[in-house]
Every structure is written in C-alpha cells, then in structure tokens.
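All I have is the shape, not the residue letters:
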Ligand SMILES: Cc1cc2nc3c(=O)[nH]c(=O)nc-3n(C[C@H](O)[C@H](O)[C@H](O)COP(=O)(O)OP(=O)(O)OC[C@H]3O[C@@H](n4cnc5c(N)ncnc54)[C@H](O)[C@@H]3O)c2cc1C
C-alpha cells in the first residue's frame, strides 16, 4: 500500500482520482498538483453556459472549498510539473523543487492544437476557464466570427456565438460538422441544424491562412481562395496529449501516455483522462478518449488499480454535446466506415435514436434529443448485438432532416 500518492493535473480526472482514493480508504499523504491557478472546474460548460453567459464562472467549479479541504490533500495550484525521474520516483516542478511519490497518477489532459498564425491578435483557442472568459469578453464586442474546425468544440462555439446574435461562419475540411466523430448522416443533420440557426457553413475546404490587418486577424482564406471576413477567429482544430514535460522520463509516449489495460504506465505510475492511452483488452487496440465521462471513470479505475484491484479498464465510452436546443448523446465507438441505421424517432422532428455497426456488430448508439431512448439502447453496445438483429429497416437520409 503506498503512503505518498501524487496526482498531476487538478481537473476532472485528477480530482476524481483523489476522491476515489479517499473513498477507498487510502489515508496516506496525498498531493494534487495543477498548473492552473483556479480551484478545479469543469470544462464542458466553458463552450456552452459560460460562453453564452447563462452561468457565472464559479458555477463551473467541481467542488466547493469545504469539500476540497475535506479531501485532506495538499492542493498545489499554479504549479506545473516539468519533469519526471521515474527511477527515483520524483516529479520536478516549475520552481525547480521536486516532490517524491510511492505512486503517481498523471491526469494532465490535452493542449489545443494551433494553426500557423494562431499567435495573431483576434485568434482564440478554447481549453481553459481563462480562455473562455477572454473569448466571451471579445464576443460581447459584436465581432464577425469564423470558427475553424467543426468538431464538437467548434460546433458548440458556433452555436454559442449565434446565441449571442453574432454573424458566424463555421469552416472545416470535412464535408459536414462532426463528420469525423459521428459520420456523414449525422454530420449532415448537424450541418442543417447550424444552417437553420443562421450559421454560414464552409465545409469541405481547408483553411489555408489567416489574413491580418494592423496586427489583428482580418479574414480567413480557404484553400479554394475564398476569403471570409473575420474580426475574431476561434481555432478548434483538436488537441494533443499534454506529455511534453515527460519527454526523457522513459514512459512510452505515443498518442498519449501509453498504459496497460489497468492504466499503469510504469512502476507505480498510472494515467487517466484525456492524456491516457490504454490497451483495450477487448479489441486489442489502444484507445484514448477526450470525453468528460471517461475522465471520471478512468480516474476511478486508476485509483482502484493503484490500490490493488488489478482490473482492466473496459468502459462503454459516452459523450454528449449541446448545441442550441439540441443534445446529442452517444455511447460506444463510431468508426469512420461504420454502418448507420435509424432505430426510432424522426430526424425531421429533431428527435431520434440510431445505431452504428462495424463488422456485423453494434458498436455505438446515438440519441438526438432522446436521452431515455439512448440510455436504453446502450445495452446493444454492451451486448455487442449482431447488426442483423436490428429491426427498423430504413437507413436515414440526411434530407429527412429538412
Ligand atoms: C470547452 C470544452 C467543452 C467540452 N465539452 C464536452 C462535452 O460536452 N462532453 C464531453 O463528453 N466532453 C467535453 N469536453 C471534454 C472534457 O472536458 C474532457 O474530456 C475532460 O476535461 C478531461 O479531463 P482531464 O482531467 O483528463 O483533463 P483536463 O480537464 O484537461 O485537465 C488537465 C489539467 O492538468 C493541467 N496540466 C497540464 N499539464 C500540466 C503539468 N505539466 N503540470 C500540472 N498540471 C498540468 C491542465 O492545465 C488541466 O488543468 C469538453 C472540453 C472542453 C475544453
């Protein structure tokens, strides 16, 4: 049993791991270290309620000060880990001091990818509370907005900017928003949702450069030479695991910190949340998820394995996104070449559930404004139900949404 646990990253996964350890009876020393100055907060509201202004920033806090004090942990905020000596079991911090551990949980998340020219005034990223507050302050000035990248983050930012009454263009090299995550049929429906709310979509053409005037972004040029005027650009082009500080540590860093099926990355070292890539013992493949629910589930699993559970991590992945009055929820995985079948409801009514299949089994289910139905259908993913047993025949046409 360890007596000195250090957790790096004081956000969803890090805080959950600390709480799970205490719940499981771990009563040794616990240190939670995060490089942001704020008390741990939740990220999903940043692109939704915080940006639109329906929540004050404090409401995104994960725990109040009393609950944090009740953890009995040393909470070091505003401190970044800068290196790891795995042999000596010590973490180096930004001031040059080091912290020793018996067991370490790394939950440092991801860092947004940037585009060339991203340093230009008027070009924003969105990952942190400070990013969200800075972006909201600029949106309130009424700029023409171009969102580059129409994954779930970019699509949510476009929705929030429209809800603030702004002129918004959403650009992506793929043919539809969320195409990469949810495929062509649902992507087309998401695109229609945005068009119906007044967003101009420029999908299917990559951005080639930002055009500046007087040191600020003034326009975005697409590969087809179209120029879109912009006072403000949000680059939402994905993120990379925050592992730069681990280079030279001896840990395997591929697409994230490479862990075994139990979340272990090295002697006494576990990883959880967005930063962790683990060996999925069912598929034999590596997995890494950037979903809020996964941060919680994987942190609980890592804490349990650190205390000796010796259990493989085998979640049913879940994510949701809120855009306008629409909530899309999805369980499972959604390979790019998956089959797609409508199971209930009507895309035209903007309320339906659908299944995704791969190699003859159901791998994912999706609900569009159908929370109860999608929770019920989750069992199809758990059971890996044969695709052939799905009964509703007609594959959905994107045009059905009109
Ligand atoms: C704007 C936004 C909206 C989202 N909306 C949804 C949604 O609707 N649905 C959904 O399923 N998911 C959503 N997500 C994803 C979800 O928030 C993440 O999956 C979740 O936050 C991951 O938690 P984490 O603790 O692994 O990483 P993070 O939340 O990224 O936390 C990692 C922490 O570690 C810190 N850190 C990094 N490096 C170091 C270091 N060297 N030393 C110390 N600290 C360090 C970081 O600053 C950060 O505070 C959203 C994400 C964002 C950014």
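Perfect, I can see it now. Quick caveat: nothing in here was measured; it's all calculated off a predicted structure.

ok, residue 149 - how many residues close by?
26 (other CB atoms under 10 Å). No exception for glycine: its C-beta is placed from N, CA and C like everyone else's.

how about it, phi and psi?
phi 110, psi 120 (degrees, to the nearest 10).

isn't it right next to residue 239, touching?
No: contact criterion CB atoms under 8 Å: residue 149 and residue 239 do not qualify, at 10.5 Å.

Partner strands of the helix or strand encompassing residue 209, with direction?
Assessed by DSSP states H and E, residue 209 sits inside strand 207-213. Sheet pairing of strand 207-213 (DSSP bridges) gives strand 216-222 (antiparallel).

pLDDT of the partner strand, averaged?
On average, the pLDDT along strand 216-222 is 98.

Does anything pack onto the helix or strand just after it? Which helices or strands?
Sequence-wise, the next helix or strand downstream of strand 216-222 (DSSP H and E) is strand 227-229. Other elements packing on strand 227-229 under the criterion 3 or more CB pairs under 8 Å, 6 or more residues apart in numbering; DSSP states H and E are strand 216-222.

what's next to the strand it packs on, contact-wise?
Residues outside strand 216-222 that contact it (CB atoms under 8 Å, 6 or more residues apart in numbering) are 117, 120-123, 146, 148, 169, 171, 202, 205-212, 227-233.

and the stretch 101-250 of the chain, which residues reach the ligand?
107, 108, 109, 110, 126, 127, 153, 242, 245 (CB under 6 Å from any ligand atom).

and the gap between the closest residue to residue 332 other than its chain neighbours and residue 322?
Once flanking residues are discounted, residue 332 sits nearest to residue 364: 3.3 Å by CB to CB, 6 or more residues apart in numbering. Separation of residue 364 from residue 322 (CB to CB, to the nearest Å) stands at 19 Å.

between the two, which one's more packed in?
residue 364 (25 against 19).

Hmm, that one is touching residue 339, no?
No: between residue 364 and residue 339 there is no contact under CB under 8 Å: 10.5 Å.

who touches both of those two?
residue 356.

Assign a three-state SS to residue 50, would you?
helix (DSSP: H, G, I helix; E, B strand; the rest coil).

re earlier: got a list of contacts for the strand holding residue 209?
So strand 207-213 is contacted by 115-117, 120, 123, 148, 171, 173, 217-223, 227, 230, 233 (CB under 8 Å, 6+ apart).

The same query, at a cut-off of 7 Å, please.
The contact list for strand 207-213 (CB atoms under 7 Å, 6 or more residues apart in numbering) reads 115, 117, 120, 123, 148, 171, 217-223, 227, 233.

Specify which member of the residues you listed is nearest to the ligand.
The nearest member of those to the ligand, counting by CB to the nearest ligand atom, is residue 148 at 15.2 Å.

how deep is the closest one tucked in, by neighbour count?
26.

So it sits against residue 232, correct?
No: under the criterion of CB atoms under 7 Å, residue 148 makes no contact with residue 232, lying 11.2 Å away.

The residue nearest the centre of the chain is in what secondary structure piece?
The residue lying closest to the centre of the chain (CA atoms, centre = their mean) is residue 290, at 3.6 Å. Applying DSSP H and E as the criterion places residue 290 outside every helix and strand.

On the three-state scheme, the residue nearest to it when sequence neighbours are not counted is what?
Spatial nearest neighbour of residue 290, excluding adjacent residues (CB to CB, 6+ apart): residue 274 at 4.7 Å. Recorded secondary structure, residue 274: helix (three-state DSSP).

Now for residue 274: which residues touch it?
109, 110, 241, 290, 295.

Recalculate using a threshold of 8 Å.
13, 109, 110, 239, 241, 256, 288, 289, 290, 294, 295.

Just the ones in helices from those, please.
13, 294, 295 (DSSP state H).

What distance do you get for the first one to the ligand?
Just to be clear, that refers to residue 13. From residue 13 across to the ligand, the span is 3 Å (CB to the nearest ligand atom, to the nearest Å).

tally of neighbours for that residue?
30.

Hmm, residue 293 and it touching each other?
No: Residue 13 is beyond contact range of residue 293, at 10.9 Å (criterion: CB under 8 Å).

Confirm for me that residue 357 is in contact with residue 381.
No: checked against CB under 8 Å, the pair residue 357 and residue 381 is beyond contact range at 10.3 Å.

list residues touching both of the two?
Common neighbours of residue 357 and residue 381 (criterion: CB under 8 Å, 6+ apart): residue 363.

Show me the strands in the stretch 251-400 of the chain, by range?
253-254, 256-259, 264-266, 269-271, 276-279, 286-287, 318-323, 326-332, 339-346, 351-358, 361-368 (DSSP state E, counting those that start in this stretch).

And for the third one, what's in contact with it?
Residues outside strand 264-266 that contact it (CB under 8 Å, 6+ apart): 86, 106, 249-252, 257-259, 270-271, 276, 305.

Mind giving me the ChimeraX command for buried ones among those?
Selection of buried members from these for ChimeraX, criterion 16 or more other CB atoms under 10 Å:
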select :86,106,249,251,257,258,259,270,271,276,305
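
What distance do you get for residue 174 to residue 230?
20 Å.

the more surrounded of the two?
Between residue 174 and residue 230, residue 230 has the larger neighbour count (other CB under 10 Å), namely 25 against 17.

For the more buried one, which non-adjacent residue is closest in space?
residue 146 (4.1 Å).

Quick check: the one you found is in a helix.
No: per three-state DSSP, residue 146 lies outside any helix segment and is strand.
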